[in-house]
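[1] Build me a model:
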Amino acid sequence: MPAAKARHAWLGKVSTSLCPAANWPLLAASAIPYLPNSQVPKVMDRRDMDQVRDDFVRAANMADDAGFDMIELHFAHGYLLASFNLAAHQPAHRRVWRHVGEPRPFSARGLQGRALAWPAKKPMSVRISATDWAPGGFTPEDAVQLARLLKAAGCDILDVSAGQTVAEAKPEYGRLFQTPYADRVRHEADMPTMTVATSRPGPT
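    Residues are numbered from 1 along each chain as shown. So this is what the prediction gives:
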């Protein structure tokens with residue numbers, strides 16, 4: 001996520017990029033910076049994607065060895081796997097991906113690889129952003145489609161959040177504002193859901 005490569009809040013604005021000398025390589029689905037002054041990420045090739053998949057498998061094995069009863073993968077809020085989610089028209093994802101002849105997003109493909117390393121008797125959750133709150137972006141309809149893919153890949157429960165994926169988002173906050181997204185996924189994708197941040201954020 002290009003936006004994460006910024007100075008700590010106590011050192012200045014979070015959106016202030018690090019100086020070039022302090023930068024480290026970024027990977028993403030497309031070579032699109034989060035903000036105009038953010039570093040441009042490298043477009044991931046097949047080798048990069050295989051490496052990320054293997055890293056997720058390794059992390060799942062480590063979590064199991066450490067005795068964790070459940071894991072959650074973060075496919076939301078503009079993090080790496082979020083940029084590979086379903087909508088090819090999503091502002092942060094302007095490439096149509098095809099892997100081994102399958103029209104599945106890399107996020108679902110990576111999940112399936114990780115699922116092989118996580119015991120079937122232990123639940124696995126995935127957090128998604130059910131909407132980008134941006135014109136032409138990821139929609140609740142896309143979220144339902146993605147939920148079905150993740151369910152088929154081995155996801156047991158979906159942690160439904162929203163937004164924080166693109167800089168041009170226009171959030172729609174309110175009481176229990178994310179609950180309708182979770183409710184829709186639960187009914188239309190026929191899988192358990194949970195949600196977070198169900199009240200309007202206060203002043204910071």
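
[2] okay, CA-based contacts and neighbour counts for the rest of this
    Noted.

[3] The chain: helices as residue ranges?
    With DSSP state H as the criterion, the chain has helices at 46-65, 106-115, 140-152, 179-188.

[4] Give me the mean pLDDT for the second one.
    For helix 106-115, the mean per-residue pLDDT is 54.

[5] that older thread, out of the helices of the chain, which is closest to residue 160?
    helix 179-188 (5.4 Å; C-alpha to C-alpha).

[6] Tabulate the helices of the chain (a markdown table), appending mean neighbour count and distance to residue 74.
    Shown next, in a markdown table, are these (neighbours: other C-alpha atoms under 10 Å; distance: least, C-alpha to C-alpha, whole Å):
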| stretch | mean neighbour count | distance to residue 74 |
| --- | --- | --- |
| helix 46-65 | 15 | 11 |
| helix 106-115 | 21 | 10 |
| helix 140-152 | 20 | 12 |
| helix 179-188 | 18 | 16 |
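
[7] Looking at those, which is nearest to residue 134?
    For these, proximity to residue 134 was assessed by C-alpha to C-alpha; helix 140-152 is nearest, at 11.9 Å.

[8] So which elements touch that closest one?
    Packing contacts for helix 140-152, counted by 3 or more C-alpha pairs under 8 Å, 6 or more residues apart in numbering; DSSP states H and E, involve helix 106-115, helix 179-188.

[9] returning to what we had before: now the helices of the chain in TSV, with distance to residue 158?
    Formatted as TSV, the helices of the chain follow (distance: least, C-alpha to C-alpha, whole Å):
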stretch	distance to residue 158
helix 46-65	17
helix 106-115	13
helix 140-152	7
helix 179-188	8
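
[10] lowest-confidence stretch among those helices?
    If you rank the helices of the chain by mean pLDDT, helix 106-115 sits at the bottom with a mean of 54.

[11] Surely residue 127 is in contact with residue 79?
    No. Residue 127 lies out of contact with residue 79 (C-alpha atoms under 8 Å); the separation is 10.8 Å.
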